[in-house]
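Engineer: From the sequence below, what's the structure:
(one chain, ligands or ions: 1)
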Amino acid sequence: MARSPRGRGPVRRILLGVTGSIAAYKACLIVRGLVKAGCEVRCAATAHALKFVSPLTLAALSRAPVVTDFMDPAQWDMAHLSLASWAERVLVAPATADTLARLAAGRANGPIEATVLSTKAPVFLAPAMDTEMWEHPATRRNATVLEGFGYSLLGPVSGPLASGRVGMGRLMDPEEIVRRVLA
Ligand SMILES: Cc1cc2nc3c(=O)[nH]c(=O)nc-3n(C[C@H](O)[C@H](O)[C@H](O)COP(=O)(O)O)c2cc1C
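Structural biologist: Numbers count the residues shown, from 1 in each chain. As a prediction, the model looks like this:
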């Protein structure tokens, strides 16, 4: 397991950003895997992610409130700046095409984007989308830009997609995502 950048043992504090992909339910498995590995996990979720997975589920699995709106004063103690310095790894999984575009543009319009922009921690992005979205030149360009920022792209992988087709765009296996983030 990787050592904490603060020199206090293994990496423990992970911020998981969840975005609006059909694969968002797999974020629950990622949270479970990280917690099982001994990590403290905080979740942030986009409004579209919350159409796919409930904040109650993410909160129960991570044993912490979920950050959904940094304009909400009740969430200020977990606002983007404190999350950005708290986290030893920032993981966005699943990462939609739209979120990748916003991150590539350096946007800070929500807790996930603002945290990614503010953090000094390593950033991992696990894209999930249809093959056409992944292969579009705009997404290809965004992926290249994001790798240029030093972020690690975890997948996507080829396999069965929610559309019923088989191809590139499937979220990397949650266990493998956990393994890579903690490696
Ligand atoms: C049923 C359904 C499934 C979707 N799955 C994906 C997906 O896997 N990947 C993706 O990039 N967008 C997907 N979308 C589109 C995103 O939800 C949409 O682009 C949204 O604006 C993303 O917002 P967010 O990145 O802020 O969460 C899906 C939309 C619907 C209605």
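Engineer: Residue 149 and residue 23: what is the separation?
Structural biologist: 23 Å (CB to CB, to the nearest Å). Every residue, glycine included, has its C-beta placed from N, CA and C.
Engineer: These two - which one has more neighbours?
Structural biologist: More crowded of residue 149 and residue 23, by other CB atoms under 10 Å: residue 23, with 27 against 12.
Engineer: Is it correct that the more buried one is in contact with residue 95?
Structural biologist: No: if you go by CB atoms under 8 Å, residue 23 and residue 95 don't touch, sitting 9.7 Å apart.
Engineer: residues shared between the contacts of the two?
Structural biologist: By CB atoms under 8 Å, 6 or more residues apart in numbering, residue 23 and residue 95 have these common neighbours: residue 128.
Engineer: what does the chain have sitting close to the ligand?
Structural biologist: Remark: the part of the chain in contact with the ligand comprises 19-23, 46, 48-49, 96-99, 128-129, 133, using CB under 6 Å from any ligand atom.
Engineer: Quick one: buried ones out of those?
Structural biologist: Neighbour-count burial (16 or more other CB atoms under 10 Å) applied to the residues of the chain next to the ligand gives 19-23, 46, 49, 96-99, 128-129, 133.
Engineer: Now go through the residues you listed and say which are in helices.
Structural biologist: Here DSSP state H is the test, and these give 49, 97, 98, 99, 133 as lying in helices.
Engineer: most centrally placed residue in the protein?
Structural biologist: residue 92 (1.1 Å; CA atoms, centre = their mean).
Engineer: Beta-bridge partners for that residue, please?
Structural biologist: Beta-bridge pairing for residue 92 (DSSP bridges): residue 17, residue 125.
Engineer: what residues are up against it?
Structural biologist: 16, 17, 18, 19, 99, 103, 112, 116, 123, 124, 125, 126.
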